[in-house]
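Chemist: Take a look and give me a structure for this.
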Amino acid sequence: MTQVFISCVKEDLREADYIVEVLKNNGIDAWLFTRNLAIGQRWQDQIRTAIQNGAHYVPLFSKAFLSRDQSYMWEELNQAVDELRRRPHNSRWFLPISLDGTPPPPIPIRAGETLDQIQWADFNLGWNAKLHEFLRAVGVENPVLDFGEPLGAGLASRAEVRFGTVVYERNSMNVPQLTGQINTIAAGFIARTVEGRIFAQFHVISGNLEIYEFGRTFGLDQIVLTSTDRYLSRDPSNPTRLLGETRVLIPAGYSMPSPTGPVLIENSMIIQSNYDAQGMLTDGGFEGTFLIEMRIDLMGPDPMASVHGRFSVSFM
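Modeler: Prediction:
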C-alpha cells in the first residue's frame, strides 16, 4: 500500500485527520506523527525513516504554521527538504497543500530553486476540487469522498455549502457595532468521516472589511468544526453540537482592528477562540446558534470576550 507522510502543526490536526481518513478510504496509508508514534520510540529516528520511505511527503501549510518559530513540523520540513535535494528534479514526491492560501516558505532547494516554486494545492479555493486533485496526484485514479453513511435524513455523507450567514446578536463587550453584524459563509462543506464523526469547514467573510482583512491575514476566516454526534439532528430539543478552536499569534507592533478602532499590540500575544455551535437540519440546509469565546494567553483562563449569535447554511 502506498504510504503518504502528512506533516502539520497541532492547530491543524482536525484538517490533517480528515485528510488522513480520506486517503485511507481511497486505499492510501498515511503517516501522522500524533497517530503513528508509540511510547518509547525515538521520534526523530521514526520521523526520518517515515519521511525517507514515504511515497509522498505532504506538508500542510497555514498561517498557524507560519506563526510558530518552533514546531515539529519545521523539523520535519527541514528533513524533507534534505531528502528532496537527493531526489530527481522531476520527482513528484513533495506535494505541498495550503489550508488557507498560505504558500510554502521560500526555503532553498538547489541553486536558483526554492520550495515555494513547487506547485501547491490551495484548499482555500475549494476542498472538494482540491481533494480530488490531491488524490489523483498520489495515484488514486477514481477518488472517493463519499464515505457511505448519510449525515442525516435526506442527505448523503457529504453536503457542499451553497451559501450561508452568521449573525452576531450580542457580545460581552457591549459593542453596539457588533450587534446585528451579518457575516457571509461563502463556501464550505459538512462531511462524514470514515470513523463516523462529522467534519465541517466554512469560509466566513466578515461584514466588517477591517476585521475581514485581519481574519484573512491570520487564517481566522477558515472555521473547522467537528462533532461526535452520529447524525445531523432534525429535533429542536436535541440539536447537533459542533466544536472547534483556533489559536493565532499576534506579533508586537501589529495594529489589530476592533469595532471601536485600531488597537496597537505592544507585546506579542496568542488569542485562542473556542467555537460551540448547536444546530439542526432544515429543508435544504442547517441552522442554529453559536457561542464564540476568546481568550488571551497573558490574561489567564477566563474569556476575554464572547459573542452569541445564529447561523444558517443552504446546501447545493
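Chemist: Tell me the pLDDT of residue 285.
Modeler: According to the prediction, residue 285 has pLDDT 93.
Chemist: State whether it and residue 315 are indeed in contact, as I suppose.
Modeler: Yes. Between residue 285 and residue 315 there is a contact at 5.7 Å, judged by CB atoms under 8 Å. In this view, the C-beta of every residue, glycine as well, is placed from N, C-alpha and C.
Chemist: can you pull the buried residues of stretch 83-103?
Modeler: Neighbour counts using 16 or more other CB atoms under 10 Å place 83-84, 93-102 of stretch 83-103 among the buried residues.
Chemist: Among the residues you listed, which are located in strands?
Modeler: 97-98 (DSSP state E).
Chemist: Return the member of the buried residues of stretch 83-103 nearest to residue 306.
Modeler: residue 100 (24.3 Å; CB to CB).
Chemist: For the stretch 151-300 of the chain, give me the ranges with low pLDDT.
Modeler: Low-confidence segments of the stretch 151-300 of the chain, defined by pLDDT under 70, are located at 259-260, 297-300.
Chemist: List the contacts of residue 248.
Modeler: 63-64, 67, 218-220, 270-271 (CB atoms under 8 Å, 6 or more residues apart in numbering).
Chemist: In the record's domain split, what are the boundaries for this structure?
Modeler: Using automatic domain parsing, the domains assigned to the chain come out as 3-137, 158-315.
Chemist: Adding distance to residue 146, write the ones you listed out as TSV.
Modeler: Formatted as TSV, the domains of the chain follow (distance: least, CB to CB, whole Å):
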stretch	distance to residue 146
domain 3-137	9
domain 158-315	6
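Chemist: Quick check: which of those is nearest to residue 152?
Modeler: It is, among these and with distance given as CB to CB, domain 158-315, at 3.7 Å.
Chemist: how about residue 216, secondary structure?
Modeler: helix (DSSP: H, G, I helix; E, B strand; the rest coil).
Chemist: which residue sits closest to it, ignoring its sequence neighbours?
Modeler: residue 101 (7.8 Å; CB to CB, 6 or more residues apart in numbering).
Chemist: That neighbour is in contact with residue 120, isn't it?
Modeler: No. Residue 101 is beyond contact range of residue 120, at 10.0 Å (criterion: CB under 8 Å).
Chemist: Now that we have the contacts of residue 248, which of them are buried?
Modeler: Buried among those (16+ other CB under 10 Å): 63-64, 67, 218-220, 271.
Chemist: ok, those vs residue 163, which is closest?
Modeler: When the buried ones among the contacts of residue 248 are compared against residue 163 (criterion: CB to CB), the nearest one is residue 220, at 20.1 Å.
Chemist: Now that closest one. Nearest residue, chain neighbours left out?
Modeler: Per CB to CB, 6+ apart, closest to residue 220 is residue 246, 6.0 Å.
Chemist: What of residue 184?
Modeler: Using CB to CB, 6+ apart, the closest residue to residue 184 is residue 205 (4.5 Å).
Chemist: The stretch 51-200 of the chain: helices as residue ranges?
Modeler: 63-66, 72-85, 127-137 (DSSP state H, counting those that start in this stretch).
Chemist: Quick one: closest of the ones you listed to residue 165.
Modeler: The nearest among the helices of the stretch 51-200 of the chain, by CB to CB, is helix 127-137 at 20.2 Å.
Chemist: Just the CA coordinates for the closest one, please, in CSV.
Modeler: This file holds the C-alpha atoms of helix 127-137, laid out as CSV (Å, rounded to 0.1, in the frame of the first residue of the first chain):
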residue,chain,number,x,y,z
TRP,A,127,-11.8,21.5,-0.6
ASN,A,128,-13.9,19.2,-2.9
ALA,A,129,-12.0,20.0,-6.1
LYS,A,130,-8.6,20.2,-4.5
LEU,A,131,-9.1,16.9,-2.6
HIS,A,132,-9.8,15.2,-6.0
GLU,A,133,-6.7,16.8,-7.5
PHE,A,134,-4.6,15.7,-4.5
LEU,A,135,-5.8,12.1,-4.6
ARG,A,136,-5.0,11.8,-8.3
ALA,A,137,-1.5,13.2,-7.5
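Chemist: buried residues in stretch 114-128?
Modeler: 115, 120-124, 126-127.
Chemist: Find out how far that stretch is from the centre of the chain, if you would.
Modeler: 14 Å (CA atoms, centre = their mean, to the nearest Å).
Chemist: Quick check: mean pLDDT of it?
Modeler: Stretch 114-128 comes out at a mean pLDDT of 88.
Chemist: so how far is residue 98 from the residue lying closest to residue 16 once chain neighbours are set aside?
Modeler: The shortest distance from residue 16 to any non-neighbouring residue, by CB to CB, 6+ apart, is to residue 8 (4.4 Å). Separation of residue 8 from residue 98 (CB to CB, to the nearest Å) stands at 12 Å.
Chemist: likewise residue 305?
Modeler: Applying CB to CB to residue 305 and residue 98 gives a distance of 29 Å.
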